[in-house]
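>>> Give me a model of this one.
(2 chains)
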Amino acid sequence: MSSASSKGASVVIIGGGVTGLSAGWHLARSGCDVLVVDKGIVGWEASGRNGGGASHYHSPLFAEEQRLWPQMDELLGYPTEYRRERVIVALTEAQLAHYRYMAAMFNELGYAAEHLDAQQAIAMAPLVSDACLGGIHLKFGGQANPQRTVQAYAWALQDHGGRIAQHAAVTGFETMGGRVTGVKTTRGDFGCDVAVVAAGPQSGRLLDHLGVHLPLAAARAEMIVTEPAPLMAIGGVDGNGLYGRQTLRGNLAYGGGPHEWIEVGDGGPGVRPTTPLMRNLARRVAELLPKAAHLRVIRSWAGVIETTPDGRPVIERLTAPDNVVVATMSGVGFGLSPASGRAISDLVLEGRCTFTDIDKLGIGRFADLSTDWRAERGWTSVSAPA
Amino acid sequence: MAGAPMADPHALNGKLPRPDRTVEVLVIGAGPAGIAAAIEAAKRGAQVLLVDENPVSASLMGLDTPLYFGGRMTPAVQRQARMIEQLLAASPDLEIAMELGVEVALGTYAWGAFVNGPGLGTLPEPVVGLADEDRAWMVGFGKLILATGARDIALSFAGWDLPGVMGANGLASLLDRYDAFSGSRIVVLGSGDLGLETARRALDRGLEVAAIIEVRDAVQGNPAAAADLRARGVEILTGQVIHRAHGGLDGVGRVDVGPVAGPVRSIECDTVCLAVGLVPAIELLNVLGGALSLDSGRGGHAPVTHDGVTTSLPDIYVAGDCSGLAGSGPEGAARATAQGVAAARTALGQATMPLAAAPASDSLGYQLDWMRALIAVSSDTVIVCQCEEVSRGDLLGVQPPRYLDRPARMAARDIHSLNADGPVNQDQIKRLTRACMGACQARRCREQVALILALATQSPVDAIPLAGFRAPVRPLPLKVLADWNEAAAMGEGWDVWFGIPSQWVPYQDIGSDREAMHIAVLGGDMHL
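I've put the predicted structure just below:
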């Protein structure tokens, strides 16, 4: 437990998810004294349970993400299993029209996407249905292994002198003169010059301590994985209502479909049950990849994801207290993490993001939000707190 | 805001279907406990469905699921009709149950069980997921009695991945349930009651028992049973351990045994039966979120229960080995039967007699002694996880699989550096090394990985959290698990992600006319 000494740090990051860890790594690389605290184990929640996609064209962080991902194994010093490019395959005319609209949009944004006919799609992803109508080929983006990547960030930040305190749940803040001076945890209090709140679903409750209102709702989403299949040329194959990836081992990991809104307490989601929804996922994977329909499903799992009312991230350095940076990626955090961490690091060190405009991602946009915003959207839980 | 609350069309609410049918009492597992529970419930007038996965398909047996069969099945296991006949002949009480009106479903896997609880509130009713070789379906239940028995504990040594290395329950199943064991000369590892019972069973079936190997200095099981085996010519070698199994394509041909420090001698055999321990088969209760505790006296992770049958979950009960090992031999079977009766009576609100506890043993201490010795006599290149080919060295080095590069910095990382950041968690190790990630769903390595991690970090075994089970708890093909008769509600509002249209608008278009255009055309469904 060498990292557990309650010695403070210049920057204390609350949340050892992929966003907080990436921020910690960027800061440590810059020579900053950084400590990441987490209620449990690094990457234990949605950061380690997602589909591994890294193709989020819509984000202002995407260009930087694209620049960094191909270098990440080398920069971190540990493998992430990053693989480039994706294909999206259509089984219906409606899907095809939808994907082609997207391809046009990608090209307008400067990210190359090409139309595929059925034969081309099958050549790239041989497990795809012979009945497919074609699709689109994203010549950008890609996928990586979330579990390996979170650990790579954690180890790399330690290699740069950063520290991680696991099993340290945050209970509040020490403040003085309108600034945060320390973070209180179940493993001691850690003094800091700057605090970063990147605690996923718990971020809202943590910020309540500082009188800052960050509107978040949390939901559970499910995935399944099969035994290995022969490796396809492109491992990121989406379509038929699914997102997913073939791992380098060959397993097909897929998710999609309905989520369930849940309440998450201070301790985070204690349980993450899956449901018979796995049968609907299995069906769609079998339809998309019928040549893999004989493969056995060997696991299902669920992750708990937070989202803001508009589904867009909040990445902002607050004005009061002015030494707190808030970051929630609103359910789309893994792929963007190389860049989100850099943006947070910039906010900590420079007070502003140096490589792209993120001004539209402030909390202020929710100033007029109704207090009933969750009920108005039907984003409410019907279960006991997880 | 006035009026009825909005519904989120992309949420799960109202989409999970009701099962085709709901039974009053559903019993999983037709061993002594399950059959007794079904009979008792039927006698009380309940409508009962008794489900058992046997005969298990030959392909699952090849994956050592549900038991550690070690590839020692005869081709007879491929003929299902013959297997069912054999099964009925081996379980005369099944016929009694059927005469009492119990509906018996053989060859039916229970691959999941689902109830509303913390973090899950969208199930219309409690259900169990069932499947045969062709399709899956859901059955609702009023009361659920889990009588899923015990699994084999496998421990690694050089050559343990050869065909012919198997578990005591796997062997018992092939001998007694299926009459389909292809071996003839067995070395038994472990001299507890389980090992002695295994040797006796083999001898009774006309097989040879070449030796019983015991790592401790004395026989661990019933002395009279050991004396009886010796009288029948079985050698019991105490203070010894298996150093290596040798063999070829047909599997094990001989084994080297001896004290940890040597010397070793070779013993000819075609089968090595691991009879070091069994563990309660708690997969379904774990998936349900039922409370479990690590209890060495009951064989490992076992249900938390105040009366031996009642679980932490409403309407869900356990009986037999899955509730905590019932013990071996006729006494074990009698205890399992009594528990089955008690589970049914308790489920139906009837008074029961207190149950006699099974004799407690220090099962984890015994397993640790074996594991420690097996580690001492083998190199760290020995494979621990067969599915993913993870060696003990790579497990303890927390190294990535061989298909990934191992950059220089990985050399500085191992179980000790990881342990320095917080207590070892088997699920974390699993993610990094892939140990326990394979198609056998960690049936062959879950327990031994925990033992190895405990020994390496000098932690008590109970400091290593259970590597959780996930549905489907039987590996089922996509096309079998799939819901091919999906209700329309499931497809309506199906979205790749949360269905929040504003989420996917390109940043530069936020606040422009194009924002509305993208939202109108694409909705929330962005397939990325």
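>>> tell me the mean pLDDT over stretch B:140-147?
Averaged over stretch B:140-147, pLDDT sits at 98.
>>> Now do it: everything it contacts.
Contacts with stretch B:140-147, where a contact means Cβ atoms under 8 Å, 6 or more residues apart in numbering or on different chains, come from B:18-19, B:21-31, B:33-34, B:37, B:41, B:46, B:113, B:125-128, B:284-285, B:311, B:315-320, B:322-323, B:336, B:340, B:343-344, B:347-348. Glycine gets a C-beta too; all of them are placed from N, C-alpha and C.
>>> Just the buried ones among those, please.
Those of these that meet the buried threshold are B:19, B:22-23, B:25-31, B:33-34, B:37, B:41, B:46, B:113, B:126-128, B:284-285, B:311, B:316-320, B:322-323, B:336, B:340, B:343-344, B:347-348, by 16 or more other Cβ atoms under 10 Å in any protein chain shown.
>>> Filter those residues down to the ones in helices?
The helices, defined by DSSP state H, take in B:33-34, B:37, B:41, B:284-285, B:336, B:340, B:343-344, B:347 from the buried ones among the contacts of stretch B:140-147.
>>> which of those residues sit farthest apart?
Spanning the widest gap among those are B:41 and B:285, at 19.0 Å by Cβ to Cβ.
>>> residues contacting residue 157?
Picking chain A for this. Here residue A:157 is in contact with A:21, A:24-25, A:27-28, A:34, A:36, A:164 (criterion: Cβ under 8 Å, 6+ apart).
>>> let's do chain B instead
Contact partners of residue B:157, counting by Cβ under 8 Å, 6+ apart, are B:241-245, B:374, B:377-378, B:382.
>>> where do the helices sit along the stretch 251-400 of chain B?
B:283-288, B:329-347, B:363-376, B:392-396 (DSSP state H, counting those that start in this stretch).
>>> I misspoke; the intended subject was the stretch 51-200 of chain B.
For the stretch 51-200 of chain B, the helices defined by DSSP H, counting those that start in this stretch cover B:58-62, B:80-90, B:92-99, B:168-172, B:193-204.
>>> coming back round to it: tell me which of the helices of the stretch 251-400 of chain B sits nearest to chain A.
helix B:283-288 (8.0 Å; Cβ to the nearest Cβ).
>>> out of the contacts of stretch B:140-147, which touch chain A?
Counting by Cβ under 8 Å from any Cβ of the partner chain, residue B:127 from the contacts of stretch B:140-147 sit close to chain A.
>>> before we move on, back to that, buried ones among the contacts of residue B:157?
Buried members of these, scored by 16+ other Cβ under 10 Å, are B:241-245, B:374, B:377-378, B:382.
>>> In strands, which of the contacts of stretch B:140-147 appear?
Among these, the residues falling in strands (DSSP state E) are B:21-28, B:113, B:127-128, B:316-318.
>>> Out of those residues, which is nearest to chain A?
residue B:127 (6.7 Å).
>>> and the next element down the chain from the lengthiest helix in chain A?
In chain A, taking DSSP H as the definition, the longest helix is helix A:93-109. Next along the chain after helix A:93-109, taking DSSP states H and E as the criterion, comes strand A:113-116.
>>> Quick check: buried residues in the next helix or strand after that following strand?
Using DSSP H and E, the helix or strand that directly follows strand A:113-116 along the chain is helix A:118-124. Across helix A:118-124, burial judged by 16+ other Cβ under 10 Å covers A:118, A:121-122, A:124.
>>> Which elements pack onto the longest helix of chain A?
strand A:83-90, strand A:113-116, strand A:134-143, helix B:513-522 (3 or more Cβ pairs under 8 Å, 6 or more residues apart in numbering or on different chains; DSSP states H and E).
>>> pLDDT averaged over the first one, what's the number?
Right, strand A:83-90. 96.
>>> all helices of chain A, in order?
Here chain A has its helices, by DSSP H, at A:18-29, A:62-68, A:72-76, A:93-109, A:118-124, A:146-159, A:203-208, A:277-288, A:337-349, A:373-377.
>>> any idea which of these is most buried?
Ranked by mean neighbour count, these are led by helix A:18-29 with a mean of 29 (mean count of other Cβ atoms under 10 Å in any protein chain shown).
>>> What parts of the stretch 51-200 of chain A come near chain B?
Contact residues (Cβ under 8 Å from any Cβ) of the stretch 51-200 of chain A with chain B: A:53, A:55-60, A:73, A:77-79, A:81, A:86, A:88, A:98-99, A:101-102, A:105, A:109, A:141, A:147-148, A:151, A:154-155, A:159, A:164, A:166-167.
>>> Name all residues that make contact with residue 115.
The chain I'm using is chain A. For residue A:115, the contact set (Cβ under 8 Å, 6+ apart) comprises A:100, A:103, A:134-137.
>>> you looked at the wrong chain, it should be chain B
Listed by Cβ under 8 Å, 6+ apart, the contact partners of residue B:115 are B:123, B:126, B:288-289, B:313, B:316.
>>> Just put those residues in TSV and tack on pLDDT.
Shown next, in TSV, are these (pLDDT from 0 to 100):
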residue	pLDDT
B:123	98
B:126	98
B:288	98
B:289	97
B:313	98
B:316	98
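>>> Just name the closest of these to residue B:439, please.
Nearest to residue B:439 out of those is residue B:288 (Cβ to Cβ; 23.1 Å).
>>> Okay, the closest residue in space to the closest one that isn't next to it in sequence and residue B:71: tell me how far apart.
Nearest residue to residue B:288 in three dimensions, chain neighbours excluded: residue B:113, at 5.0 Å (Cβ to Cβ, 6 or more residues apart in numbering or on different chains). Residue B:113 sits 30 Å away from residue B:71, going by Cβ to Cβ, to the nearest Å.
>>> How many neighbouring residues does residue 354 have?
Because you didn't say which chain, this covers chain A. Residues within reach of residue A:354, counting by other Cβ atoms under 10 Å in any protein chain shown, total 12.
>>> To clarify, I was referring to chain B.
Burial measure for residue B:354: 8 neighbouring residues, criterion other Cβ under 10 Å.
>>> Name all residues that make contact with residue 365.
You didn't say which chain, so I picked chain A. Counted by Cβ under 8 Å, 6+ apart, residue A:365 has contacts residue A:310.
>>> try again with chain B
residue B:296.
>>> I'd like to know how far it sits from residue B:220.
Distance check for residue B:365 against residue B:220: by Cβ to Cβ, it reads 11 Å.
>>> Where does the prediction get shaky in the chain?
In the absence of a named chain, this looks at chain A. Low-confidence segments of chain A (pLDDT under 70): A:1-6.
>>> That was the other one, I meant chain B.
Applying pLDDT under 70 to chain B picks out residues B:1-5, B:526-528.
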